[in-house]
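# Please find the sequence and the predicted model below.
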Amino acid sequence: MKSIKKQNVIYVIFMIILGVAINRVISGISGHFGWPLYLDSIGTMFIAALGGTFPGMMVGFITNMIGGISDTSTFYYGTINVLIALIAGMASERGYFDKIKKVVSLLPFYLLLSILCSCLTYILFKFRVGENVSTPAVYFFNSKGLPVLPSQILGDFVVEVPDKLISLVVSFLLYKAIPIDWRKKLGKLSGKEVKKELSEEDKEMRNSLRIQIGIWLMIAGMLIVLVAFFISYKTYMEAKVAGFAEGAYDPVQLRTETLLYSGKMLSAVLGLLLCVVSFAMVLADHVVVTPLHKMAREMEKFAYDSESGRDKSVAKIQALDIHTGNEIEELYVAMSKTVEDIDSYIDKTNEQAATISKLHVNIITSLADIVESRDNTTGYHVKRTAKYCDILAKELRRSGIYTDELTDEFIETLTIAAPLHDIGKIGIPDAILNKKGKLTEEEFDTIKSHTVMGRKMLESTKNNLGATSYLAMAEDIAYYHHEWWDGCKRGYPERLSGTDIPLSARIMAVADVFDALVSRRPYKDPMTMEEAMDIIVEESGTHFDPVIVEAMLRVKDKIHEVVVKYSD
């Protein structure tokens with residue numbers, strides 16, 4: 001398959017050959033000099049630590065297959081050497097081969113494995129003392145009155161403790177002799193180094209499918225082993241029975257011999273099964289689990305909130321470059337195209353939304369200009385007040401005031417909604433709106449009604465066009481921007497006070513009065529900016545929210561720039 005590169009296959013084969021060679025050479029040296037040690041698993045541990053459990057298991061199994069040519073009993077210990085590789089490979093994944101102390105701490109696991117080996121020896125040699133390196137020690141314990149099996153276990157311990165300790169230390173030194181870049185490169189063939197780089201959450205996501213695959217493979221494999229066991233049992237017994245005359249054999253002895261034979265076959269096949277399952281896990285990891293995990297991780301992290309974020313996410317997904325030669329690759333190609341299309345669709349949608357939003361703003365501003373022009377005020381009034389509101393809101397947030405409300409969205413909406421603060425004036429007669437003299441009490445009541453009319457107009461707009469954030473804020477501003485901070489009767493229409501008045505309306509109150517003071521009206525000449533500021537300060541705490549007035553004083557230079565830029 002495309003995902004299993006030819007170079008990677010060569011690396012794995014080379015590691016297996018190297019591991020088998022190390023096992024055979026060192027065990028041969030030990031046998032030549034008559035050392036009471038096996039030393040036939042150093043290559044198994046080394047390769048398992050370096051390249052993962054699969055190549056390590058293959059080293060252990062093949063080593064015993066070759067040893068079985070000269071010593072048949074060695075063939076049946078293949079499962080033990082496979083389990084030795086499994087322990088070393090799993091330990092290496094968890095960083096045990098990083099320090100010598102951690103490597104030595106694996107010794108108890110191998111001593112437990114030695115007990116299984118002793119039991120196998122006990123069975124293979126028909127419940128008598130086995131003929132191997134530990135035989136002298138076993139005979140010693142047996143001569144002291146211990147039964148054969150306990151003697152075998154203790155005798156094996158005498159040999160296994162130094163044997164496995166030396167094997168662990170030598171395999172650690174060989175592992176450390178390999179340059180770290182090569183260790184990482186070879187470790188990635190089995191996914192060992194990849195797993196080290198993952199977060200705990202990613203490991204959990206990745207391992208869930210691997211565990212499921214492993215469980216089903218083991219179940220299927222064990223079923224095959226059991227079938228093979230019963231077939232070998234039945235075949236061997238039938239063959240032995242056929243070789244005797246009728247009634248010329250001992251059924252109990254025949255059954256015992258058959259069980260021993262089938263047990264040997266089970267031991268040999270079990271080692272092969274573990275190797276096959278390990279290979280299947282590595283293969284599944286490369287062509288199924290890892291590709292799916294990579295796709296799931298990038299899709300989970302896909303950034304929908306910004307154009308740059310989406311572009312980066314699309315680029316990361318396309319950079320995965322997954323090639324498995326199966327349906328996973330087809331899924332990846334389809335997913336890459338889908339996210340690219342989604343990104344393009346969102347960009348187009350955002351462009352259209354921006355165009356519509358801009359159109360809305362222009363319509364609102366134009367409508368506000370028309371309203372303002374009715375009382376001989378230029379359109380600069382709505383531009384200036386919107387600018388004042390933007391400056392004041394940003395200064396309040398910078399100062400740490402009302403930060404819960406003053407979000408980016410709030411400030412942007414405030415700037416859009418501000419021009420509609422006097423939309424209700426469209427219903428005020430021209431004679432009153434443009435009167436040069438002092439208004440009568442009835443005329444002033446009529447003027448004050450523009451807040452109520454503005455609110456009704458915006459409510460009607462919401463009902464017709466649908467509710468939006470800026471229409472809702474515009475409604476608050478239009479209705480409440482003439483309320484007084486202290487709640488006195490000069491405020492209208494509700495005579496609210498303090499923070500009961502919406503923040504948007506309190507900001508607009510300062511902006512609207514200030515601009516009215518510095519602007520020319522049919523009934524007055526414009527004031528200087530200093531004079532207007534003095535009045536605003538004088539009414540701080542009565543007419544206006546004090547913190548907004550203080551903010552205005554801190555940004556009076558910016559306010560002055562707006563006055564100059566948008567002068568009538």
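Done, it's in. None of these values were measured; they are calculated from a predicted model.
# elements contacting the host helix or strand of residue 259?
Residue 259 belongs to helix 251-284 when elements are defined using DSSP states H and E. Judged by 3 or more Cβ pairs under 8 Å, 6 or more residues apart in numbering; DSSP states H and E, helix 251-284 is in contact with helix 53-70, helix 78-93, helix 107-124, helix 200-242. Placement of C-beta: from N, CA and C, glycine included.
# got TSV for those, with mean neighbour count too?
Below are the helices and strands packed on helix 251-284 laid out as TSV (neighbours: other Cβ atoms under 10 Å):
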stretch	mean neighbour count
helix 53-70	24
helix 78-93	24
helix 107-124	18
helix 200-242	14
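# out of the ones you listed, which comes closest to residue 100?
Closest to residue 100 of these, according to Cβ to Cβ: helix 107-124, at 12.0 Å.
# In the helix or strand just after that closest one, which residues are buried?
For helix 107-124, the following helix or strand on the C-terminal side (DSSP H and E) is helix 135-143. Across helix 135-143, burial judged by 16 or more other Cβ atoms under 10 Å covers 135, 137, 138, 141, 142.
# wouldn't the last one be in contact with residue 128 here?
It stands for residue 142. No. Using Cβ atoms under 8 Å, residue 142 is not in contact with residue 128, being 9.9 Å away.
# which residues do these two both contact?
Taking Cβ atoms under 8 Å, 6 or more residues apart in numbering as the contact rule, the neighbours common to residue 142 and residue 128 are residue 148.
# how near is the closest residue to residue 117 other than its chain neighbours to residue 274?
In space, and not counting its chain neighbours, residue 117 is closest to residue 80: 5.0 Å by Cβ to Cβ, 6 or more residues apart in numbering. Distance from residue 80 to residue 274, counting by Cβ to Cβ, to the nearest Å: 11 Å.
# of the buried residues of helix 135-143, closest to residue 177?
Nearest to residue 177 among the buried residues of helix 135-143 is residue 137, at 33.0 Å by Cβ to Cβ.
# Next one: the closest residue to the closest one other than its chain neighbours from residue 548, what distance?
With Cβ to Cβ, 6+ apart as the criterion, residue 137 has its nearest non-adjacent residue at 3.7 Å, and that residue is residue 155. For residue 155, the distance to residue 548 equals 92 Å [Cβ to Cβ].
# Which of the two has more residues huddled nearby?
residue 155 (26 against 23; other Cβ atoms under 10 Å).
# Pull the most distant pair out of the buried residues of helix 135-143.
The span of the buried residues of helix 135-143, defined through Cβ to Cβ, is set by 135 and 141 at 11.1 Å.
# Pull up the overlap in contacts between these two.
Residues touching both residue 135 and residue 141 by Cβ under 8 Å, 6+ apart: residue 155.
# Stretch 388-402: which residues count as buried?
Within stretch 388-402, the residues that count as buried by 16+ other Cβ under 10 Å are 388, 389, 390, 391, 392, 393, 394, 395, 396, 397, 402.
# what's the answer for stretch 461-473, then?
Applying 16+ other Cβ under 10 Å to stretch 461-473 flags 461, 468, 470, 471, 472, 473 as buried.
# mind checking how far it is from the chain centre?
Remark: stretch 461-473 is offset 39 Å from the chain centroid, using Cα atoms, centre = their mean, to the nearest Å.
# Alpha carbons of it, as PDB, please.
Provided in PDB are the C-alpha atoms of stretch 461-473 (Å, rounded to 0.1, in the frame of the first residue of the first chain):
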ATOM      1  CA  THR A 461     -39.200  48.400  11.600                       C
ATOM      2  CA  LYS A 462     -38.200  45.400  13.700                       C
ATOM      3  CA  ASN A 463     -41.600  43.800  13.200                       C
ATOM      4  CA  ASN A 464     -41.300  44.200   9.400                       C
ATOM      5  CA  LEU A 465     -37.600  43.500   8.800                       C
ATOM      6  CA  GLY A 466     -36.800  41.300  11.800                       C
ATOM      7  CA  ALA A 467     -35.000  42.100  15.000                       C
ATOM      8  CA  THR A 468     -31.300  43.000  14.800                       C
ATOM      9  CA  SER A 469     -28.800  44.200  17.400                       C
ATOM     10  CA  TYR A 470     -28.500  47.700  16.000                       C
ATOM     11  CA  LEU A 471     -32.200  48.200  15.700                       C
ATOM     12  CA  ALA A 472     -32.700  47.100  19.400                       C
ATOM     13  CA  MET A 473     -29.900  49.500  20.500                       C
END
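# hang on, the earlier thing: now the helix holding residue 259: average pLDDT?
Mean per-residue pLDDT for helix 251-284: 73.
# the inter-axis angle of it versus helix 53-70?
140 degrees (axes from the mean of the first three to the mean of the last three Cα atoms, to 10 degrees).
# Just the buried positions in helix 251-284, please.
Buried, per 16+ other Cβ under 10 Å, within helix 251-284: 257-284.
# tell me the mean pLDDT over the following helix or strand past that helix?
Using DSSP H and E, the helix or strand that follows helix 251-284 in sequence is helix 290-300. The average pLDDT for helix 290-300 rounds to 81.
# how much does helix 290-300 deviate in direction from helix 251-284?
Per the same axes, to 10 degrees, the angle that helix 290-300 makes with helix 251-284 is 40 degrees.
# Residues contacting the helix or strand that helix 290-300 is followed by, please?
Toward the C-terminus, helix 290-300 is succeeded by helix 307-319 as the next helix or strand (DSSP H and E). Residues from elsewhere that reach helix 307-319 (Cβ under 8 Å, 6+ apart): 295, 298-299, 301-304, 335-336, 339-340, 343, 346-347, 350.
# how close does residue 39 sit to residue 479?
92 Å.
# now residue 56
Counting by Cβ to Cβ - residue 56 and residue 479 are separated by 78 Å.
# Next: residue 407.
Distance of residue 407 to residue 479, computed by Cβ to Cβ: 22 Å.
# More neighbours: which of these two?
Higher neighbour count among residue 407 and residue 479: residue 479, with 24 against 12, using other Cβ under 10 Å.
# so that one touches residue 451, yeah?
Yes. With contact defined as Cβ under 8 Å, residue 479 counts as touching residue 451 (5.2 Å).
# Return every residue with contacts to both of the two.
Residues touching both residue 479 and residue 451 (Cβ under 8 Å, 6+ apart): residue 493.
# got the contact list for the closest residue to residue 127 other than its chain neighbours?
Distances taken as Cβ to Cβ, 6+ apart place residue 148 nearest to residue 127, at 6.5 Å, with adjacent residues excluded. Neighbouring residues of residue 148 by Cβ under 8 Å, 6+ apart: 122, 127, 128, 129, 138, 142.
# ok, of those residues, which one's closest to residue 222?
Proximity of the contacts of residue 148 to residue 222 was ranked by Cβ to Cβ; the top entry is residue 122 with 23.1 Å.
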